[in-house]
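Student: Here's a sequence, model it:
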Amino acid sequence: MQRVHIRWMSLLFGLVPGLCSAQIFSYITESIGSPTSATYKFVIESWDRNDRTLNPCFGMKQCAVGINHRHTGSNAGGTASVLPSPFTLGSAQHPKITQLETMGELGQYYQSVYPLPIEGSTNHMGEAITQECVGMFYNINSATTVSTASSRLMSGSVCGIAPPPSGVCGIDEQRLDLSHGVLQEPDLAGNTASGSLRVVCSQKMDIAMYIRTETEGRLELGNNSGVYTTLRVNGVAANKGYRFTVDQRGVTIPVTSTLGVTGTVKAGDYSGQSVAILALP
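Tutor: So this is what the prediction gives:
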């Protein structure tokens, strides 16, 4: 018999321009202070090493890559420092970042110096112009730093926006468990577990929710276990993004997990986890 379940250990908030195919995942775990004076505790979770899109530093005379917070509506960075380290690669000491053609190659090189995930903190001061986030930035105007307004958020980022008091939208639950219980192997494929997440915004917003998974909402359970789940948000593949409108009254969004099998299923207790992200469509 197989006991199989999928669970979200944390729920995050994200800003994804145009719901593009995201390659870098980051989020804010805590926002302390006020919208005009905030400290963000963040995690840079992952960077796809196989991304074939163009490295924005490629062929430039100078460039820097590192962590910053999204400070304006044009994806420009702020000027605050990042602790416990700048976590920055500048072409002055790492000229290779201007010689790597793809984002995947750049991600591989960055992670050879600064392994992910990275946890740290940074600050925001001044008027909150946009829904801010902390993520990976680049700056073609410097060979040493991204802590400047000339830096830009990396294309294809899922950059989790700050929760209140800085942000306007939130997910009420901090965890959703979708348990499939104890199943015989013949009953695994197609078995579905259901739950829901409630989203509330302090003002009317058009928004999207998606969950970090592989293609078509697929998420592996265990290491070569032979069992996977397909996650859907109100019937939409979790990685595609389900769009809806929400205000102070809130909206409850259904989430389902449907099991599938590949090859021989190993006996055991399987689980997985991912993150639910609120995004601007």
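Student: rest of the way, CA atoms for contacts and neighbours
Tutor: Fine.
Student: Glu216 and Lys240 touch, don't they?
Tutor: Yes - between Glu216 and Lys240 a contact is recorded at 7.4 Å, counting by C-alpha atoms under 8 Å.
Student: Where do the strands of the stretch 1-150 of the chain begin and end?
Tutor: When assigned using DSSP state E, counting those that start in this stretch, the strands of the stretch 1-150 of the chain occupy the ranges 2-8, 10-11, 24-34, 37-47, 64-69, 82-83, 89-90, 118-125, 134-139.
Student: May I see the buried residues of the third one?
Tutor: Buried residues in strand 24-34, defined by neighbour count with 16 or more other C-alpha atoms under 10 Å: Ile24, Phe25, Ser26, Tyr27, Ile28, Thr29, Ser31, Ile32, Ser34.
Student: Quick check: neighbours of that strand in the sheet, parallel or antiparallel?
Tutor: strand 37-47 (antiparallel), strand 157-159 (parallel) (DSSP bridges).
Student: can you state the direction angle for that strand and strand 134-139?
Tutor: 110 degrees (axes from the mean of the first three to the mean of the last three C-alpha atoms, to 10 degrees).
Student: Check what contacts strand 24-34 and list those residues.
Tutor: Contacting residues not belonging to strand 24-34 are listed as 12-14, 38-48, 133-136, 156-166 [C-alpha atoms under 8 Å, 6 or more residues apart in numbering].
Student: Show me how to select, in ChimeraX, the buried members of those.
Tutor: Buried residues within the contacts of strand 24-34, by 16+ other C-alpha under 10 Å, are selected in ChimeraX with:
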select :12,13,14,38,39,40,41,42,43,44,46,47,48,133,134,135,136,156,157,158,159,160,161,162,163,164,166
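Student: any idea how this structure splits into domains?
Tutor: 2-13+168-279, 23-155 (automatic domain parsing).
Student: thinking again about what came up before, and Glu216 and Lys240? Which one has more around it.
Tutor: Lys240 (21 against 14; other C-alpha atoms under 10 Å).
Student: How about the more buried one: what's its closest non-neighbour residue?
Tutor: Tyr210 (6.5 Å; C-alpha to C-alpha, 6 or more residues apart in numbering).
Student: Look up which residues are beta-bridged to the one you found.
Tutor: Ile277.
Student: for it, what are its contacts?
Tutor: Val233, Ala238, Asn239, Lys240, Gly241, Tyr242, Ala276, Ile277, Leu278, Ala279.
Student: For the fifth one, which non-adjacent residue is spatially closest?
Tutor: Nearest-residue entry for Gly241: Tyr210, 4.3 Å, with adjacent residues in sequence omitted and distances by C-alpha to C-alpha, 6+ apart.
Student: Any idea how many residues pack against Ala76?
Tutor: For Ala76, using other C-alpha under 10 Å, the count is 19.
Student: same check, this time on Ile129
Tutor: 12.
Student: What pLDDT does the model give it?
Tutor: With respect to pLDDT, Ile129 scores 84.
Student: How about the one 3 residues further on?
Tutor: Predicted confidence (pLDDT) at Glu132: the value is 85.
Student: List the contacts of it.
Tutor: Contacts of Glu132 (C-alpha under 8 Å, 6+ apart): His69, Arg70, His71, Thr72, Ile161, Ala162, Ser166, Gly167.
Student: The fifth one reaches Cys133, doesn't it?
Tutor: Yes - the pair formed by Ile161 and Cys133 meets the contact definition of C-alpha under 8 Å, at 4.3 Å.
Student: wait, what's in contact with the closest residue to Tyr110 other than its chain neighbours?
Tutor: What sits nearest to Tyr110 in space, not counting adjacent residues and going by C-alpha to C-alpha, 6+ apart, is Leu89, at 7.3 Å. With contacts defined as C-alpha under 8 Å, 6+ apart, Leu89 is in contact with Ala64, Val65, Gly66, Ile97, Tyr110, Thr144, Thr145.
Student: returning to what we had before: now for the strands of the stretch 1-150 of the chain, which one comes closest to Ser271?
Tutor: Ser271 lies closest to strand 2-8 among those, at 5.0 Å (C-alpha to C-alpha).
Student: Would you mind checking the average pLDDT for the closest one?
Tutor: pLDDT averaged over strand 2-8 gives 41.
Student: Thank you kindly, that will do.
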